[in-house]
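[1] I'd like to go over a predicted model; first the sequence, then the structure.
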Amino acid sequence: MKPFNHVIVAGVLTILAITADAQVKVKTEHMNTIENANELEIVNQLSTESAVVNMPVSKLLNAPGNEALKAFFFTPVKNSSALSGRKIAVLVADGFEEIELTGPVWYFRQLGATVDIVAPKYNPAPERYGLAYPEMSKTHIMAIQYLQPVGWIKFDRTADQIKVTDYDAVFIPGGAWNPDNLRADKDVIRFVQEFNRSGKLIAAICHAPVVLASADIIKGKKLTGYWNIQSDLKNAGATVLEQSVVSDGNLITSRHPIDVADFSRAVENWLIKK
């Protein structure tokens, strides 16, 4: 087995082990709080069966119709210094669509850009919500594939620590939960509004354009986004187009994980022209 495959296998086994340990710990904690068999029976009826789902990125890349997306990642870049000296911030929270972050970040770094992962400040839900947070959630954010949690990535800075002058561009990945977490964070919204006033590039893919709607910066703009947020974009005053990438001024938007290649190239071309 090649070393790269060893890394993949080790990573998958680590995720499975962490998930299994976490499930056992949570179940044990639940058992400790249950006082009798009747309560246990009720809790069992309120709970669903735990499962670990594997949805590898390779399946997306090898799906029929995604040949161009696969070629995007496996064809060496022509100019590894095309974005040298450029700094890009990724605004992201728990629940981001994995490939919509890792894909563009990988590409921009291949082109020589410096990329920072920027998350909201750690702000756990009130204790009465009954949620358990792993210790790593203070320094990492959770990735999903569709609606399945699949892993964690460490962030570099928090939204309250960054300034417009720190970066040449910002991009926001999608995911069904990530944009909702971002749009409720005052530091994120403030930064997006200030960045927009600077005229620098703001790019958003999939569900992420709703963050731009919450920042009130899309009225009169042409945008696209995942199909089930398009009505939200229209209600915020945007004209929604059904195409893989839409560029309007300093805004670039895309619809879906399969648009990652077009999205990444559009960001690259915008920065090169500036």
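    Received the coordinates, thanks. For clarity, every value in this text was computed on a predicted model and none was experimentally measured.

[2] now do the contacts for residue 111.
    Shown in contact with residue 111 (C-beta atoms under 8 Å, 6 or more residues apart in numbering): 77, 79, 80, 81, 82, 83, 84, 268. Just so you know, the C-beta spots here come from the backbone N, C-alpha and C atoms, and that holds for glycine as well.

[3] ok, it to residue 191 distance?
    24 Å (C-beta to C-beta, to the nearest Å).

[4] quick one on the thing from earlier: relative to residue 173, which of the contacts of residue 111 is nearest.
    residue 268 (16.3 Å; C-beta to C-beta).

[5] wait, the closest one touches residue 83, no?
    Yes: Residue 268 lies in contact with residue 83 (C-beta atoms under 8 Å); the separation is 6.6 Å.

[6] need the overlap of contacts for these two.
    In contact with both residue 268 and residue 83: 108, 111, using C-beta under 8 Å, 6+ apart.

[7] would you confirm that residue 251 contacts residue 220?
    No: taking contacts as C-beta under 8 Å, residue 251 lies outside contact range of residue 220: 11.0 Å.

[8] please identify which of residue 268 and residue 83 sits among more neighbours.
    residue 83 (25 against 21; other C-beta atoms under 10 Å).

[9] separation between the more buried one and residue 199?
    18 Å.

[10] please apply the same query to residue 169.
    Per C-beta to C-beta, residue 169 is found 11 Å from residue 199.

[11] give me the more crowded residue out of those two.
    Neighbour tally, residue 169 and residue 199, criterion other C-beta under 10 Å: the higher count belongs to residue 169, 25 against 10.

[12] residues in contact with the spatially closest residue to that one that is not a sequence neighbour?
    Of all residues not flanking residue 169 in the chain, residue 201 sits nearest, at 4.0 Å (C-beta to C-beta, 6 or more residues apart in numbering). Applying C-beta under 8 Å, 6+ apart, one finds that residue 201 lies in contact with 168, 169, 170, 250, 251, 252, 267, 270, 271, 274.

[13] redo that, cut-off 7 Å
    By C-beta atoms under 7 Å, 6 or more residues apart in numbering, residue 201 lies in contact with 169, 250, 252, 267, 270, 271.

[14] need the phi and psi values for the first one.
    This points to residue 169. phi -160, psi 160 (degrees, to the nearest 10).

[15] so it sits against residue 90, correct?
    No: if you go by C-beta atoms under 7 Å, residue 169 and residue 90 don't touch, sitting 9.9 Å apart.

[16] next one: phi and psi at the spatially most central residue of the chain?
    The residue lying closest to the centre of the chain (C-alpha atoms, centre = their mean) is residue 96, at 2.9 Å. Main-chain dihedrals, residue 96, degrees, to the nearest 10: phi -80, psi 150.

[17] ok, now how distant is it from residue 253?
    Distance of residue 96 to residue 253, computed by C-beta to C-beta: 16 Å.

[18] then residue 148?
    Distance of residue 148 to residue 253, computed by C-beta to C-beta: 25 Å.

[19] so where do the strands sit in the stretch 101-250 of the chain?
    Using DSSP state E, counting those that start in this stretch, the strands of the stretch 101-250 of the chain run over 114-119, 140-145, 148-154, 157-158, 169-172, 201-205, 222-223, 239-240, 245-248.

[20] for those strands, which one sits closest to residue 39?
    Taking C-beta to C-beta, strand 148-154 is the member of the strands of the stretch 101-250 of the chain nearest to residue 39, at 27.8 Å.

[21] averaged pLDDT, the closest one. What do you get?
    Across strand 148-154, pLDDT averages out at 90.

[22] partners of that strand, with directions?
    For strand 148-154, the paired strands and their directions (DSSP bridges) read strand 140-145 (antiparallel).

[23] now the angle from the partner strand to strand 114-119?
    Computed by axes from the mean of the first three to the mean of the last three C-alpha atoms, to 10 degrees, the angle separating strand 140-145 from strand 114-119 equals 90 degrees.

[24] buried stuff in strand 140-145?
    By 16 or more other C-beta atoms under 10 Å, the buried positions in strand 140-145 come out as 140, 141, 142, 143, 144, 145.
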